[in-house]
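K.L.:
model this:
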Amino acid sequence: MSKGKPASPALMAAKSHGHGGTAVSSSGAVSPASPATAVVGPNRIVAPVQMTGSEALVRSLEELGVKDVFGLPGGAILPTYDPLMASSLNHVLVRHEQGAGHAAQGYAMVTGEVGVCIATSGPGATNLVTPIMDAHMDSVPMVAITGQVSSAVIGTDAFQEADIVGITMPVTKHSYLVTDPQDVPRVMAEAFHLASTGRPGPVLVDVSKDAQQGQMTFSWPPVIDLPGYRPVFRGHSKQLREAAKLIREARKPVLYVGGGVIKAHASKELMELAELTGAPVVTTLMARGAFPDSHRLHVGMPGMHGTVSAVTALQQSDLLITLGARFDDRVTGVLSSFAPHAKVVHADIDPVEISKNRTADVPIVGSVKEIIPDLTAAVKAEFEASGAPDLGDWWAFLGNLRDTYPLGWTEPEDGLMSPQRVISRIGALTGPEGVYVAGVGQHQMWAAQFIKYERPHSWLNSGGAGTMGYSVPAAMGAKVGNPDRVVWAIDGDGCFQMTNQELATCRINNIPIKVAIINNSSLGMVRQWQTLFYNSRYSNTDLNTGHNTMRIPDFVKLADAYGCVGLRCDRVEDLDATIEKALSINDRPVVIDFVVSPDSMVWPMVPSGVSNDQIQVARNMTPVWEEED
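P.N.:
Numbering: from 1, shown residues only. Okay, the predicted model is just below:
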């Protein structure tokens with residue numbers, strides 16, 4: 001198929017229909033765009049040519065600049081898999097559709113580009129629901145393409161028919177059903193535009209089999225017509241001035257940084273604002289790496305398992321400068337008791353999030369990529385006119401908390417390794433240039449706590465949905481997107497068993513991820529709650545994978561069966577050498593069975609249903625401090 005030729009700006013302008021929009025740059029940054037660049041990709045002009053709907057689908061992906069896709073074929077999507085063979089796209093054949101979805105997420109998270117996954121109808125499509133919901137919760141740009149039964153039998157309960165549009169509508173930015181092959185280019189362009197602009201998120205494109213097989217006239221670029229979709233990017237100048245005034249008046253401000261700063265590629269802008277204001281910075285679970293852990297202004301991660309200094313900073317604050325965060329319940333604890341004395345400046349690309357959970361005194365709708373520099377300029381003007389506030393007492397209070405309650409752990413009494421030590425050594429020996437992808441549970445929290453994140457896009461996890469099975473396929477996608485970086489999947493023995501079949505995908509496709517199984521032989525976070533709140537009644541949480549168990553499965557043998565390198569480490573004396581051996585192997589995936597104590601717990605912890613003021617640093621141990629006046 002012809003690849004077309006680059007479009008001249010004049011020709012593109014002539015072809016536009018006055019539609020405003022946004023574009024995604026080569027770095028993935030979202031910015032306002034002219035009508036001529038509303039369609040993402042290289043914007044080549046393709047003269048009209050006859051082809052099938054399936055060929056148009058593949059060609060659209062090429063013209064949109066897609067390089068890698070993850071999928072699994074089946075009958076209803078088979079017409080599209082035929083032209084895929086002759087395309088420029090790198091298709092990674094997964095072993096389960098859920099793996100395709102999480103891989104597309106991981107790819108999007110490290111590249112800033114739209115991740116793409118493909119599945120067939122019925123169970124193939126429904127297997128994508130979990131990663132679609134996960135992407136929706138964590139605002140990950142993703143386009144999921146599914147085959148559908150022929151339009152003539154839709155609604156008849158045909159073989160492998162599922163109403164995937166209806167199923168996914170609540171957890172996508174939009175879901176399309178395409179039954180006319182002529183609609184394919186427009187729908188694909190709109191899907192990528194929706195997924196990558198405004199608040200990023202997943203879009204579903206369901207294409208009936210007859211639409212794939214039918215003839216159509218392909219040309220590029222198509223006209224995008226989304227009259228009801230107008231994301232706002234620049235913050236209102238009056239609101240910015242009001243926010244700057246509150247920052248100048250505050251004596252206990254906190255920069256409450258959420259994952260929106262990562263999605264907007266606004267870390268540099270955040271640094272300028274933080275250093276200008278001198279305010280402490282907290283980075284949520286989804287924002288780890290948005291601001292360097294080593295920076296003097298960083299006071300940690302807030303939330304249920306956040307640092308004492310970060311949690312208390314929010315509680316004692318008189319001003320929350322909230323950037324791309326959503327006041328999630330895991331951060332706020334009991335909402336009515338959260339930061340009771342703080343005024344709120346809330347900047348977010350999604351107007352629905354503002355004042356949804358906590359009323360904003362100064363709401364600012366727009367992209368934090370645009371808002372933060374404008375806010376920095378407004379604050380600078382305020383400081384020049386009225387002077388900068390003295391935050392000395394505030395920092396003395398927070399500095400004392402940092403010194404008194406640093407993150408740490410107690411070595412287990414059973415003689416087994418502490419998982420915290422394992423994870424901290426992985427981070428120390430790999431360094432900040434690595435990519436760390438966690439599953440869900442205790443190991444996720446320890447990875448967020450004990451690895452030092454110095455740059456954005458180095459930390460991936462399932463934050464909003466908490467999806468077991470996320471880590472291995474998401475790490476696979478991250479490695480495809482960033483092949484030159486070391487990518488660790490830090491997983492639990494429970495999570496790992498949900499999607500470990502993707503090791504076959506990694507081995508066959510030369511995707512040499514490194515998997516650290518934090519093997520405490522149990523569903524660790526569930527067990528922790530059973531210990532604390534259910535009188536140590538361990539109902540159905542023992543997995544029999546670890547020390548003094550049946551070791552079913554034996555993870556080293558499993559790794560060998562998949563053609564990977566399998567290692568086991570159960571002694572502290574061997575820890576560094578085992579990690580260094582894994583780091584030296586780059587021709588295939590490495591799986592390490594780190595046998596750790598089942599009794600290790602995640603601390604600090606704010607128990608569910610109580611105020612953040614009741615944060616515990618160990619079991620039944622709450623910090624004692626005098627409030628900063």
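K.L.:
what is the lengthiest strand in the chain packed up against?
P.N.:
Criterion DSSP state E: the longest strand present in the chain is strand 44-52. Counting contacts by 3 or more C-beta pairs under 8 Å, 6 or more residues apart in numbering; DSSP states H and E, strand 44-52 packs against strand 5-6, helix 53-63, strand 215-220. In short, each C-beta sits where N, CA and C put it, glycine included.
K.L.:
three-state assignment of residue 488?
P.N.:
strand (DSSP: H, G, I helix; E, B strand; the rest coil).
K.L.:
for burial, what's the neighbour tally of the closest residue in space to residue 585 that isn't next to it in sequence?
P.N.:
The spatially closest residue to residue 585, leaving aside those adjacent along the chain, is residue 565, at 5.5 Å (C-beta to C-beta, 6 or more residues apart in numbering). Residue 565 has 18 neighbours, counted by other C-beta atoms under 10 Å.
K.L.:
follow-up on the earlier one: which stretch among the helices and strands packed on strand 44-52 comes nearest residue 538?
P.N.:
Residue 538 lies closest, by C-beta to C-beta, to one member of the helices and strands packed on strand 44-52: helix 53-63, at 48.3 Å.
K.L.:
list of residues touching that closest one?
P.N.:
Contact with helix 53-63 is made by 1, 3-4, 41-42, 44, 46, 51, 69, 79-80, 82-84, 87-89, 116, 145, 178, 181, 184-185, 188-189, 207, 211-216, 218, 220-221, as judged by C-beta atoms under 8 Å, 6 or more residues apart in numbering.
K.L.:
that one vs strand 215-220, what angle?
P.N.:
10 degrees (axes from the mean of the first three to the mean of the last three C-alpha atoms, to 10 degrees).
K.L.:
report all helices and strands that the helix or strand following helix 53-63 contacts.
P.N.:
Proceeding N to C from helix 53-63, the next assigned helix or strand is strand 68-71, under DSSP states H and E. Contacts defined by 3+ C-beta pairs under 8 Å, 6+ apart place strand 68-71 against strand 90-93, helix 97-111, strand 115-119, helix 471-481.
K.L.:
ok, now with 7 Å
P.N.:
strand 90-93, helix 97-111, strand 115-119 (3 or more C-beta pairs under 7 Å, 6 or more residues apart in numbering; DSSP states H and E).
K.L.:
SS state for residue 227?
P.N.:
coil.
K.L.:
run a quick neighbour tally on it.
P.N.:
Neighbours of residue 227 (other C-beta under 10 Å): 6.
K.L.:
dihedrals phi and psi, it?
P.N.:
phi -60, psi -20 (degrees, to the nearest 10).
K.L.:
how near is it to residue 169?
P.N.:
20 Å (C-beta to C-beta, to the nearest Å).
K.L.:
what is the orientation angle of the longest strand of the chain with strand 215-220?
P.N.:
Going by the same axes, to 10 degrees, strand 44-52 makes 170 degrees with strand 215-220.
K.L.:
buried residues in strand 44-52?
P.N.:
By 16 or more other C-beta atoms under 10 Å, the buried positions in strand 44-52 come out as 44, 45, 46, 49, 51, 52.
K.L.:
so what pairs up with the last one in the strands?
P.N.:
Translated: residue 52. Beta-bridge pairing for residue 52 (DSSP bridges): residue 215.
K.L.:
thinking again about what came up before, export the buried residues of strand 44-52 to CSV and tack on pLDDT and distance to residue 367?
P.N.:
Shown next, in CSV, are the buried residues of strand 44-52 (pLDDT from 0 to 100; distance: C-beta to C-beta, whole Å):
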residue, pLDDT, distance to residue 367
44, 93, 27
45, 95, 29
46, 96, 31
49, 98, 37
51, 98, 37
52, 98, 38
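K.L.:
list just the nearest of those residues to residue 340.
P.N.:
Among these, and counting by C-beta to C-beta, the member closest to residue 340 is residue 44, at 56.2 Å.
K.L.:
specify the beta-bridge partners of that closest one.
P.N.:
Bridge pairing for residue 44 - DSSP bridges - gives residue 6.
K.L.:
and it, how far from residue 161?
P.N.:
In terms of C-beta to C-beta, residue 44 sits 36 Å off from residue 161.
K.L.:
what does residue 378 give?
P.N.:
Relative to residue 161, and taking C-beta to C-beta, residue 378 is found at 55 Å.
K.L.:
do the same with residue 275
P.N.:
57 Å.
K.L.:
more neighbours: the two, which one.
P.N.:
A direct count of neighbours by other C-beta under 10 Å for residue 275 and residue 161 places residue 161 higher, at 18 against 14.
K.L.:
that one and residue 151 touch, don't they?
P.N.:
No. Using C-beta atoms under 7 Å, residue 161 is not in contact with residue 151, being 11.2 Å away.
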